[in-house]
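Student: generate a structure from the sequence data that follows.
(2 chains)
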Amino acid sequence: SQTIHQWPATLVQPVGSPLSLECTVEGTSNPNLYWYRQAAGRGLQLLFYSVGIGQISSEVPQNLSASRPQDRQFILSSKKLLLSDSGFYLCAWSGRQLGSSENEQFFGPGTRLTVL
Amino acid sequence: KNQVEQSPQSLIILEGKNCTLQCNYTVSPFSNLRWYKQDTGRGPVSLTIMTFSENTKSNGRYTATLDADTKQSSLHITASQLSDSASYICVVGLSGGYNKLIFGAGTRLAVHP
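Tutor: From the prediction side, this is the model:
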């Protein structure tokens, strides 16, 4: 069976410090990978998605970047955190079936980031 | 602009009662509609997925309906349990591309004994 891991679970960082959040998926190959941010009282906002190693697409301009160094590893980074980067960050994966847009997305447990 | 709106924003019910959550969407091109359950501090978990041609889908005590003409969906919870306390998120998938999803803000449900 497939599982998705995220770490750390919680993180408190000062403004201006760097960030690295990691997501790994087990039990599947060539997944689509996604990074979302969830602000309080708001819907999930897609930040980045990846359809393969080294292939990253950004949905919104921001202070963050993403990388996919391995097939089942997705990393979210920042060189200098802003207060507005605080939130709940979720990684997700979906299968990749050609011609199908109903592929379910499976979410990780999330990382709660607080920037002070 | 693609949008998914949910109502009510929050809801309190007594254990054993039924409830219905609402979702309206303006999303194009529409592919599917999903309902997710999200426990506090956890990632969302899928309850149902419906395509354009499906009117209803059940998952245990959860029943989702879809009216593609009026662009409305509902999630009905029967015989609520304390463990149903969570946020319920309506999500619309776009056709084509990489499986892009548009998320509603969710309805926060509290089931009290």
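
Student: low-confidence ranges in chain A?
Tutor: By pLDDT under 70, the low-scoring segments of chain A are A:96-102.

Student: quick check, central residue of it?
Tutor: Nearest residue to the geometric centre of chain A (CA atoms, centre = their mean): A:Trp35, 2.5 Å.

Student: do the host helix or strand of that one and chain B meet?
Tutor: Assessed by DSSP states H and E, A:Trp35 sits inside strand A:32-38. Yes. Using CB under 8 Å from any CB of the partner chain, we find that strand A:32-38 touches chain B at A:Asn32. (Each C-beta comes from the backbone N, C-alpha and C, glycine too.)

Student: CA-only coordinates of the helix or strand that that strand is followed by in PDB, if you can.
Tutor: Using DSSP H and E, the helix or strand that follows strand A:32-38 towards the C-terminus is strand A:45-52. This file holds the C-alpha atoms of strand A:45-52, laid out as PDB (Å, rounded to 0.1, in the frame of the first residue of the first chain):
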ATOM      1  CA  GLN A  45      -4.000  26.700  -2.000                       C
ATOM      2  CA  LEU A  46      -1.800  24.900  -4.500                       C
ATOM      3  CA  LEU A  47       1.700  26.100  -4.400                       C
ATOM      4  CA  PHE A  48       3.700  23.700  -6.600                       C
ATOM      5  CA  TYR A  49       3.100  20.500  -8.500                       C
ATOM      6  CA  SER A  50       5.500  18.100 -10.200                       C
ATOM      7  CA  VAL A  51       4.900  15.500 -12.800                       C
ATOM      8  CA  GLY A  52       8.500  14.100 -12.700                       C
END
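
Student: so which other helices or strands are in contact with the next helix or strand after strand A:45-52?
Tutor: Once the chain leaves strand A:45-52, the next helix or strand it forms, by DSSP H and E, is strand A:55-58. On a contact count with 3 or more CB pairs under 8 Å, 6 or more residues apart in numbering or on different chains; DSSP states H and E, strand A:55-58 meets strand A:45-52, strand A:65-70.
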